[in-house]
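Peer 1: sequence first, predicted model second:
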Amino acid sequence: MEFILGDAIKGLVGGLLIGCSAAILLLANGRIAGISGIAGALITKSATKLRFENLAFVLGLITAPLAYSVLIEQPEIGVSTNPIMLVFAGLCVGLGTRLGSGCTSGHGVCGLSRFSPRSLASVLTFVGTAMLVASGVRMITGAPV
């Protein structure tokens, strides 16, 4: 794998934006920027004053990459076109966030920055499981890295 400075800078800027947005949400509202919790609050029946804020947050997650691809460049992303695999993957992620009491954004970005032992255990579980699954899929399918 070759080091490309432009890609490293884009990753750094993206990471800074994610960290700043999580810090602003925590400092301004006292809330953790956990995507699964924010998205889940949109589909619950209880109407709260944070509903608009949650909707704006989720819409930002959707529109920011679209704006980037239109204004800057189209990123190279490979996504399975198999609908069964996409639904299965989504269900696995949803189940995992419920079992883990949060997602990688809540635990990884916000929890680790607050030195939460529970978040550290969750992130190690997320990463370890992802490594095992990716290695297993590669071994079974013969797909390149």
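Peer 2: Yes, it's here. Numbering: from 1, shown residues only.

Peer 1: in this protein, which residue is closest to the centre?
Peer 2: Centroid-nearest residue in the chain, with Cα atoms, centre = their mean: Ser105, separated by 5.2 Å.

Peer 1: skipping its backbone neighbours, what lies nearest that residue in space?
Peer 2: Ile35 (4.6 Å; Cβ to Cβ, 6 or more residues apart in numbering). From N, CA and C alone the C-beta is placed, and that goes for glycine too.

Peer 1: show me where this structure has its strands.
Peer 2: Counting by DSSP state E, the chain has no strands to list.

Peer 1: pull the contacting residues for Gly90.
Peer 2: By Cβ atoms under 8 Å, 6 or more residues apart in numbering, the contact set of Gly90 is empty.

Peer 1: ok, now how distant is it from Pro83?
Peer 2: 10 Å (Cβ to Cβ, to the nearest Å).

Peer 1: Leu132 now?
Peer 2: Distance, Leu132 to Pro83, by Cβ to Cβ: 25 Å.

Peer 1: likewise for Asn54?
Peer 2: 27 Å.

Peer 1: quick one: low-confidence residue ranges for this protein.
Peer 2: 1, 45-49, 77, 80, 144-145 (pLDDT under 70).

Peer 1: now do the helices in it.
Peer 2: For the chain, the helices defined by DSSP state H occupy 5-29, 35-43, 51-71, 83-99, 104, 112-113, 117-141.

Peer 1: what's the second one in contact with?
Peer 2: To tie it back to what came earlier, the one meant is helix 35-43. Under the criterion Cβ under 8 Å, 6+ apart, residues 48, 50-51, 54-55, 57-58, 61, 94, 97-98, 102-103, 105-106 lie in contact with helix 35-43.

Peer 1: cheers, nothing more for now.
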